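Need coordinates for the following:
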Amino acid sequence: MTAFRGAHVLITGAAGGIGRLLALGAAARGARVTLLDLDEAGLMAVRAEIVQAGGDAAGFPVDLCDRAGFQVTAARVLAIRGPVDILINNAGIVTGKPLLECSDAAIERTFQVNTLALFWSVRALLPAMIAQGRGHVVTIASAAGLGGTSRLTDYCASKFAAVGFDESLRLELRRLGHPIRTTVVCPWYIDTGMFRGVRTRFPLLLPILQPGYVARRTLGAIQADRQRLVMPRFVMAVLLARLLPLTLFDAAMRWFGVDRTMDEFAGR
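Residues are numbered from 1 along each chain as shown. Okay, here's the model as predicted:
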């Protein structure tokens, strides 16, 4: 099992939302936490929370869209804080607009943050994990990486890529004989400002998830070395539904209201 106590945990998108809760939870479990985010003020606030509670935390402001800047920041982290034991790629953004209303810049930024940043962080931090003979790479993807829906073309595509990234990385590490574990997390909509206004037709089957619940389940999955965590479990039905002809698959998605969840989206 992956132990948090004494481990060096690095979390992207740590200034708020799920990233903040993951940071607080990891620190409470005895981890040394390194926080990365573009929001420097939010980053320092989370760091202060952890330090005031007696934990060990450091914050490094960085723009994940700036590949060169991230490489410099990663090198600073390794020099100052040492090799990372648990990397949690949590940062994510959403536009929430129909495809033709998304600007080119917004689409590119979605992929830079949600997908390409996975490559830059792992390529920068994985060699030190391999050198020390241990490590855990965590990808916070989404249920949107298992099934698409309207008004999320760029987001779904970026999260499908994130799921594929985790799967390929897991198989590659095993093939090369590196003892590095991976976990991919695919939650349904979470009740944060990011997806404010989303609706679900069947809340008993597909509830809007509470941030604290998602953070606790994610930390538990990392500790238990689970390779995949999907929340709620009913989301797994989409994998079975893919065996249906596309007309029936689309009908099922309409029946469960998945294609209308973003109709009242007002998030960020």
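
Remind me what the lengthiest strand in the chain packs against, helices and strands.
Across the chain, the strand with the greatest residue count (assigned by DSSP state E) is strand 180-187. For strand 180-187, the packing partners by 3 or more Cβ pairs under 8 Å, 6 or more residues apart in numbering; DSSP states H and E come out as helix 117-132, strand 135-140, helix 153-176, helix 211-223, strand 228-231. In short, each C-beta sits where N, CA and C put it, glycine included.

Looking at it now, give me its mean pLDDT.
Across strand 180-187, the average pLDDT comes to 98.

Report the angle between it and helix 211-223.
Orientation of strand 180-187 against helix 211-223 (axes from the mean of the first three to the mean of the last three Cα atoms, to 10 degrees) gives an angle of 160 degrees.

Could you list the paired strands of strand 180-187 along with their orientation?
Looking at strand 180-187 with DSSP bridges, its partner strands are strand 135-140 (parallel), strand 228-231 (parallel).

Output the ones you listed in TSV, with mean neighbour count and distance to residue 191 appended to each entry.
TSV is the format used below for those (neighbours: other Cβ atoms under 10 Å; distance: least, Cβ to Cβ, whole Å):
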stretch	mean neighbour count	distance to residue 191
strand 135-140	25	16
strand 228-231	19	13
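
Could you export these as CSV, including distance to residue 183?
Listed next are the strands paired with strand 180-187 as CSV, based on distance: least, Cβ to Cβ, whole Å:
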stretch, distance to residue 183
strand 135-140, 5
strand 228-231, 7
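
picking up where we left off before, how about the helices and strands packed on strand 180-187 in a markdown table, adding distance to residue 197 and mean pLDDT?
Below are the helices and strands packed on strand 180-187 laid out as a markdown table (distance: least, Cβ to Cβ, whole Å; pLDDT from 0 to 100):
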| stretch | distance to residue 197 | mean pLDDT |
| --- | --- | --- |
| helix 117-132 | 26 | 98 |
| strand 135-140 | 21 | 98 |
| helix 153-176 | 15 | 98 |
| helix 211-223 | 16 | 98 |
| strand 228-231 | 20 | 98 |
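
Across the sheet, point out what pairs with the residue positioned nearest the centre of the chain.
Nearest to the mean C-alpha position of the chain, by Cα atoms, centre = their mean, lies residue 140 at 2.0 Å. Counting by DSSP bridges, residue 140 forms beta bridges with residue 185.

where's it relative to residue 71, distance?
As judged by Cβ to Cβ, to the nearest Å, residue 140 and residue 71 stand 21 Å apart.

next one: residue 139
Separation of residue 139 from residue 71 (Cβ to Cβ) stands at 20 Å.

Same check on residue 49?
Residue 49 is 28 Å from residue 71, by Cβ to Cβ.

Kindly report the same for residue 128.
14 Å.

Next: residue 239.
36 Å.

what do you get for residue 115?
17 Å.

same question, residue 18
In terms of Cβ to Cβ, residue 18 sits 25 Å off from residue 71.

which one of these two has more residues nearby?
A count of neighbours by other Cβ atoms under 10 Å puts residue 18 above the other of residue 18 and residue 71, at 26 against 15.

which residues does that one contact?
90, 140, 190, 192, 211, 214, 215, 218 (Cβ atoms under 8 Å, 6 or more residues apart in numbering).
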